[in-house]
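Undergrad: pasting the sequence and the predicted coordinates here, then a few questions.
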Amino acid sequence: MEITSTGRRKTAAASVRMVAGSGKITVNGVAFEKYFETEALRGYIMQPLKVCNSETAFDISANIKGGGKAGQAGALRHGIARSLVKENEDFKPVLKDCGMLTRDAREKERKKSGQPGARKRFQFSKR
């Protein structure tokens, strides 16, 4: 049975397809290890699977659009966690306590017109 879900973070969105298998992960048609080079991002993405003891239970394929590598990693982690809950409702309290089902909604604040940045202001001159 195939389970699909969507994960989001910042401007990145990940469409995750999960099938019972051997633990193989592909991202945008590329091997997981090649797409995310750093060990920190790979560990971050694998957290929901480790918490649920499902590292080798599912084959995951994901399409990710937008954002940078860190935002994409967060979106993929969110999508995997949501897929695991669809697969087994017993995982929900564990994943929720670890904060993996919460969408990290922090986005870059827009630059305001007439100013150098989102919050930065030009130096005040009294005279």
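TA: Nice, I can see it. Small disclaimer: the values here were computed from a predicted structure and weren't measured.

Undergrad: going forward, measure contacts and count neighbours with C-alpha atoms only.
TA: OK.

Undergrad: what packs against the longest helix seen in the chain?
TA: Determined from DSSP state H, the single longest helix within the chain is helix 69-87. Applying 3 or more CA pairs under 8 Å, 6 or more residues apart in numbering; DSSP states H and E, one finds that helix 69-87 makes contact with strand 3-9, strand 12-20, helix 39-51, strand 58-65.

Undergrad: now do the buried residues in the next helix-or-strand element following that helix.
TA: Proceeding C-terminally, helix 69-87 gives way to helix 92-97 as the next helix or strand, assigned by DSSP states H and E. Counting neighbours by 16 or more other CA atoms under 10 Å, one finds that the buried residues in helix 92-97 are Lys92, Leu95.

Undergrad: before we move on, back to that, tabulate the helices and strands packed on helix 69-87 (TSV), appending distance to Phe122.
TA: As requested, those are exported to TSV (distance: least, CA to CA, whole Å):
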stretch	distance to Phe122
strand 3-9	31
strand 12-20	32
helix 39-51	37
strand 58-65	35
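
Undergrad: so how many other residues sit close to Gly79?
TA: Neighbours of Gly79 under the rule other CA atoms under 10 Å: 28.

Undergrad: contacts only, for it.
TA: Contacts were defined as CA atoms under 8 Å, 6 or more residues apart in numbering; by that measure Gly79 touches Ser5, Thr6, Gly7, Arg8, Ala14, Ser15, Val16.

Undergrad: go ahead and confirm the fourth one touches Ala75.
TA: Yes: here Arg8 reaches Ala75: they are 4.3 Å apart, a contact under CA atoms under 8 Å.

Undergrad: alright, calling it a day.
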